[in-house]
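Trainee: Sequence first, predicted model second:
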Amino acid sequence: PSSGWTTRSSVSASWAASSMAVYGDATVTGDTSTAREQVTMELGRQLPALSLASLKCGLALPTLSQVVEAAASTTDEYSWLIEAKNSAGDLFATNDQLFTGFTLVQKNSFVVTPSLQAPMVRTTLTLAFDQTTRLYSANVANPTYVRYELTGPDGYEFVSDCLSTAEKAKKDKLFSKCTGVSSLAGLISLSPSVIKGTREDLTVELLLDIAESTPDPNIWTLEYFLQGSGQRSGYGEVEGFEVISMPVIFYGNNQLATSSVNWFAFTPSLDLEGSWKLLLEPPENSDYELSCSGFSRGTLSKGTTCADVADSASLVMTLPTGATLSASTKYFFGVAITTPIKLVLPDDNMWRLSVQDSSGATRDSSAPIAGMTLTSSYLSVGQAMSFDEQVTGTTAWVSAQVSIALDTTADEVASVHFIPPDGVTIGNNKTASGWSLASTTIDSTGALVLTSTPSTTLAAGTYAVQMLITLTGEALTLGRSGGLWLARAYDSDDVLV
């Protein structure tokens, strides 16, 4: 091998032939004329002509790169010599020392840490890396230029001017410039000598747009290129971070061409401050109509307002000055939605809810939220629970109104489920006469399930369903009915109607 290398004793050879492998004795000796080591291997079996052979030799790598540019590549110092000799020692094949070797690079050890991990938000990304030795170039004694390239997985987008405001303000910043192109950030330093230390000292804060979901593969790479060389001098890769979406549940009306209040429950990953906004975006080109006329703030701060977004079908809810919403806490609100008169395909029926700060920057975001599968069933449930009677301080009778537009068979509406909010327990219940029920039960989730008697018909009309409820915990603060209820009806095949 070229100078600077050290060979080890483990040497073997084999060639690509069916069920064949040849191992021979090897010796490692020094070449006194060149001060370079050489490996001599004696084959233990004949090597057929035109065979594909390989030589494997353990090596201790040099401490410095052996890269040479074209001007110096004709020298023998950095080239590898391979020769084949017969048993008499006569040379019959050689590579003429034309193999100039391969690039050796420093191992880059680094981590990338985002301040936000929600999908499709702009965040600061901190790159921290180790460079425990001085940056060395084999071609320039004291390089005055180095370019680092940080590359993320597909789906990430660096801002074109990708140093953050805080990074630009640093007096002792490592890099004078950052240029973002897609998922690559190019970092320029005109003082490579200061890039020496551990990741506690070597940090840079960049601006990045997060991907819509966690990429696969999720690998980040960091490499650097020194003045005087077009080949990289360092390389490393690490597993990336997860994209974590804001949990959102859509409690929507699934009836075609129907106007009603639909509800959204969400759990932000960070605290929301006064004047921050919630942006609700319906599926594109789907004919959903959103309106603030039916806006219900639910558990949002008192004084929260709702407004249309200009040139858009979206709505924006703005928190009042001084208000706060806490991270990791579930909140809900309702807006009026008129569903389309035609079906919307599942892949197109995707909603999104995002959080914007007072400057308009997105700080948290949901993954695409699947909308309801639209249908026509002639059944509806009132928009609010009615309060009937207070029994004790925490127990009361409430009722829901179930409306049937046309006579309906038990196969078409086999069961109706009333799902209470967290902290609400259903006890006794009563149902208006005229609805023939096989059973009324409380299932394992705490929901009241009304099951129609098979082979019966539910006549058109309105039926009251009374429930004795007990409120505990947060439900005590969310009105007499304890918060947001959900009603669902299923046919005899357990398909949501």
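Mentor: Cool, got the structure.
Trainee: Could you check how far stretch 258-275 is from the centre of its chain?
Mentor: Relative to its chain's centre, stretch 258-275 lies at 21 Å (CA atoms, centre = their mean, to the nearest Å).
Trainee: in it, what's buried?
Mentor: Across stretch 258-275, burial judged by 16 or more other CB atoms under 10 Å covers Ser260, Val261, Asn262, Trp263, Phe264, Ala265, Phe266, Thr267, Pro268, Ser269, Leu270, Leu272. C-beta coordinates here come from the backbone N, C-alpha and C atoms, glycine included.
Trainee: Dump those to JSON lines, plus secondary structure and pLDDT.
Mentor: Below are the buried residues of stretch 258-275 laid out as JSON lines (DSSP: H, G, I helix; E, B strand; the rest coil; pLDDT from 0 to 100):
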{"residue": "Ser260", "secondary structure": "strand", "pLDDT": "90"}
{"residue": "Val261", "secondary structure": "strand", "pLDDT": "92"}
{"residue": "Asn262", "secondary structure": "strand", "pLDDT": "93"}
{"residue": "Trp263", "secondary structure": "strand", "pLDDT": "94"}
{"residue": "Phe264", "secondary structure": "strand", "pLDDT": "95"}
{"residue": "Ala265", "secondary structure": "strand", "pLDDT": "94"}
{"residue": "Phe266", "secondary structure": "strand", "pLDDT": "96"}
{"residue": "Thr267", "secondary structure": "coil", "pLDDT": "96"}
{"residue": "Pro268", "secondary structure": "coil", "pLDDT": "95"}
{"residue": "Ser269", "secondary structure": "coil", "pLDDT": "91"}
{"residue": "Leu270", "secondary structure": "coil", "pLDDT": "92"}
{"residue": "Leu272", "secondary structure": "strand", "pLDDT": "95"}
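Trainee: Could you pull out the helices in the chain for me?
Mentor: Under the criterion DSSP state H, helices of the chain are mapped to 165-169.
Trainee: Tell me the residue in it that is farthest from the middle.
Mentor: Residue farthest from the centre of the chain, counting by CA atoms, centre = their mean, is Ala88 at 65.2 Å.
Trainee: Could you pull up the residues touching that one?
Mentor: Shown in contact with Ala88 (CB atoms under 8 Å, 6 or more residues apart in numbering): no residues.
Trainee: Below-threshold pLDDT in the stretch 51-200 of the chain: ranges please.
Mentor: In the predicted model, the stretch 51-200 of the chain carries pLDDT under 70 at residues 55, 62-78, 101-103, 138.
Trainee: Strands along that one, start to end?
Mentor: Assigned by DSSP state E, counting those that start in this stretch, the strands in the stretch 51-200 of the chain fall at 53-60, 83-85, 91-94, 106-107, 109-114, 122-130, 146-151, 157-163, 177-181, 184-189.
Trainee: So which of these is nearest Pro217?
Mentor: Among the strands of the stretch 51-200 of the chain, the nearest to Pro217 by CB to CB is strand 146-151 (12.2 Å).
Trainee: by how many degrees do the closest one and strand 157-163 diverge?
Mentor: On the basis of axes from the mean of the first three to the mean of the last three CA atoms, to 10 degrees, strand 146-151 is oriented at 150 degrees to strand 157-163.
Trainee: Once you drop chain neighbours, what's closest to the most centrally placed residue in the chain?
Mentor: In the chain, the C-alpha nearest the mean C-alpha coordinate belongs to Val243, at 2.3 Å (CA atoms, centre = their mean). Nearest residue to Val243, sequence neighbours excluded (CB to CB, 6 or more residues apart in numbering): Thr214, at 4.5 Å.
Trainee: is it true that that neighbour touches Tyr156?
Mentor: No. With contact defined as CB atoms under 8 Å, Thr214 does not reach Tyr156; the gap is 10.8 Å.
Trainee: Look at these two and report which has more neighbours.
Mentor: A direct count of neighbours by other CB atoms under 10 Å for Thr214 and Tyr156 places Tyr156 higher, at 22 against 17.
Trainee: quick one: that one and Glu212 touch, right?
Mentor: No. Using CB under 8 Å, Tyr156 makes no contact with Glu212, being 10.1 Å away.
Trainee: returning to what we had before: could you pull up the residues touching the residue nearest to Val243?
Mentor: Taking CB under 8 Å, 6+ apart as the test, what Thr214 contacts is Gly240, Glu242, Val243.
Trainee: Over to Leu206?
Mentor: Listed by CB under 8 Å, 6+ apart, the contact partners of Leu206 are 124-127, 150, 158-159, 162-164, 167, 178, 180, 185.
Trainee: how about 10 Å then?
Mentor: Contact analysis of Leu206 by CB atoms under 10 Å, 6 or more residues apart in numbering lists 112, 114, 123-127, 150, 158-159, 162-164, 167, 175, 178, 180, 185, 187.
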